[in-house]
Every structure is written in structure tokens, then in C-alpha cells.
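Undergrad: Mind folding the following:
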Amino acid sequence: MIDLIAQTGLNALYAAAYLSLVAVGLVLIFGVMGIVNFAHGELFMLGAYVVVALYAGGQVPYLAVVAIGLAFVGVVGLLMEWTMFRPLRDNPLGGLVASIGFLMILQALVSMGFGVRMAHVPPFTQDVIAFSDRVRLPVQRLIVIGAAVVLLGALWLFLKRTRFGWALRASAQDREAAALQGISINQTARIAMFIGAALAGVAGALTAPLISVNPHMGHSVIVAAFIVIIVGGVGSLEGAVIAAVAYAFIHTIVTTFWDGVIADIVGLSLMLLVLIVKPTGLFGTADRA
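TA: Next up is the predicted model:
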């Protein structure tokens, strides 16, 4: 039983790592731009398909492909901001609807290019760290965990220690006041969209060898991400990370001891409970930050 609990904890830590990247990116986009990006799960999917296109065939080394996935999906985010979200800046509902349309376009394009069947991505390494006979951590999962820690730490330093990071935080707190102080709203929106999209893309690229890659894989990820940001508090980056860890552990434990469907129900029930007790989320405030 102890080995099973330990193995479940390691599995949950891996799930929390990539879910944190997706959720933090989604929170950053909403916090700065005030847009709910329903296509965020498809950005995760797009990052995975960059690995399918460049690494599965053996053309490019895995770590280089992960970097390419981060940059490529970040550029896609810039195009979304420029073509969709900027013209609809004062119409959040319009931006939401536009993101749903873009979601469908991405799914159609990937289905046309790669087919609707699951794509296979070979692991970067098959090495396993064995803590005991029954407790094992594949190095491929350790890479995801380590990359998530590094990227989230780098984002924290960027937001806290750089001029552009201060501008993002100011725009998230009060866009009009930030504009009056000379901060370019267009520039902060571009930065937020690039970082948010890139985090989703690199999460997909990192996990591609570990999950089933298909054009509809973003659905479950975006549902989990929305649960996480609602529980953690809409607009709270710290809340998103903490809630992602909590959700991943609860979901993994319930899946291990009962069933995946029951785990989904428990996750949704947790979200409803938090909304009833504290509508702003565990770390959220009444005003959007």
C-alpha cells in the first residue's frame, strides 16, 4: 500500500507539472487581456503536434523540438492577439466566441494534416529511476517536472524583477491606470499572449511522448485548466499553481483507487464547492488582478 501511495504521488506530481503550465498561461492571458481563451487547449495540442511533425520521424532532436514548439505556439498566440483579440478588446464575449471559432479551425487543420488517429511519439529516453521494486519514475516524466519548475520560476522572476513584468502586472491590476502611466496596452497584450500560448505549447511538446496525441486532446486539458483557475482564483497565478497541484493529486488518487470518470466528477464537485463557499476562488479577490 505504501508503494502504491508513493507511485500515485509521483504520477500526480507529473500531472501537476504540465497542468500548472497550461493553467498559468490561461490565467496570464485573462489577467492582462480580460479574454477567456477557449482555444488554449488547442495550443497545448499544437505543441504536441510540433513534436509529432519534427521529432517522431527522427529529423530534429527532442529538446530542440520542445524549444521550437514553445516558440512556434507563442507566435501563433501573437497572431491570435493581433487578428482576433485586439479588435475585440472591448468585447470580451466576442473574443470568447472568436476563440471557440479558432479552436475549431485548429482542430480541422491538424486533422487535415495529420489525420484523426492517435499519433505515436517515441520517448526521448526510456530510462527509469527506481525508488523500489514498485515505485518508479520515468526520466521522461522527470523532464516534464523539471522543465515546469524552471519555466514557472523564470516567469516569476520575469514578473517580479523586470520592467516588462511590472508592466504586465500593472495592466492586470488596472488597464486604464496603466495606460495613463505610459504603459502600452498593445505591447503588454502581445507579451501576455506570447507567454501564455508558449507555456501551453511547451506543455504539449513536453508531454507528447507520454500521452495520446490526437486533434481533440485539448478538450480534457482545457476543462482541467478551467477547474484549476476557478478553484485557485481567477487572475491569481500563485492560486493556479497551488490549485493545479491539489487538483492533480486528488484526480490521480481517485483515478488510481476508483475510476477516471469518478475522478472527473470529484474535480467538478470540488470546483462547485469552492464557488459556493468562496465565489472568488481560494486565492482570488473581488476585483480582477
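Undergrad: If we ignore the residues flanking it in sequence, what's nearest the residue lying farthest from the centre of the chain?
TA: In the chain, the residue that sits farthest from the middle, by Cα atoms, centre = their mean, is Asp133; the gap is 32.7 Å. In space, and not counting its chain neighbours, Asp133 is closest to Asp3: 7.7 Å by Cβ to Cβ, 6 or more residues apart in numbering. (Each C-beta comes from the backbone N, C-alpha and C, glycine too.)
Undergrad: the helices in the chain, which residues?
TA: Ranges of helices in the chain, per DSSP state H, are 2-33, 40-54, 62-80, 92-114, 139-161, 163-173, 175-180, 185-207, 218-232, 237-257, 260-277.
Undergrad: Check the gap between the residue lying closest to Phe194 once chain neighbours are set aside and Ile68 for me.
TA: Leaving aside its sequence neighbours, Phe194 sits nearest to Gly74 (Cβ to Cβ, 6+ apart; 4.4 Å). Distance of Gly74 to Ile68, given as Cβ to Cβ, to the nearest Å: 11 Å.
Undergrad: low-scoring stretches of the stretch 1-150 of the chain, by residue?
TA: 1 (pLDDT under 70).
Undergrad: hmm, back to that, what's the neighbour count on the residue nearest to Phe194?
TA: Neighbours of Gly74 under the rule other Cβ atoms under 10 Å: 22.
Undergrad: next one: Gln126
TA: Neighbour tally, Gln126, other Cβ under 10 Å: 9.
Undergrad: how far away is the residue lying closest to Arg117 once chain neighbours are set aside from Lys160?
TA: Excluding the flanking residues, the one nearest Arg117 by Cβ to Cβ, 6+ apart is Asn214, at 7.1 Å. Here Asn214 is placed at a distance of 38 Å from Lys160 (Cβ to Cβ).
Undergrad: Comparing those two, which residue is more hemmed in?
TA: Counted by other Cβ under 10 Å, Asn214 and Lys160 do not tie: Asn214 has more neighbours, with 19 against 10.
Undergrad: list the contacts for the residue nearest to Asp133?
TA: 132-135 (Cβ atoms under 8 Å, 6 or more residues apart in numbering).
Undergrad: what are the phi and psi values for Thr280?
TA: Dihedral pair for Thr280: phi -80, psi 0, per degrees, to the nearest 10.
Undergrad: Surely it and Val231 touch.
TA: No - with contact defined as Cβ atoms under 8 Å, Thr280 does not count as touching Val231 (10.9 Å).
Undergrad: how close does the residue nearest to Asp133 sit to Gln140?
TA: Taking Cβ to Cβ, one finds Asp3 at 21 Å from Gln140.
Undergrad: Next: Ala263.
TA: From Ala263 over to Gln140 the distance is 23 Å, taken as Cβ to Cβ.
Undergrad: Pro279 too?
TA: Counting by Cβ to Cβ, the gap from Pro279 to Gln140 is 39 Å.
Undergrad: ok, these two, which is more surrounded?
TA: Between Pro279 and Gln140, Gln140 has the larger neighbour count (other Cβ under 10 Å), namely 19 against 10.
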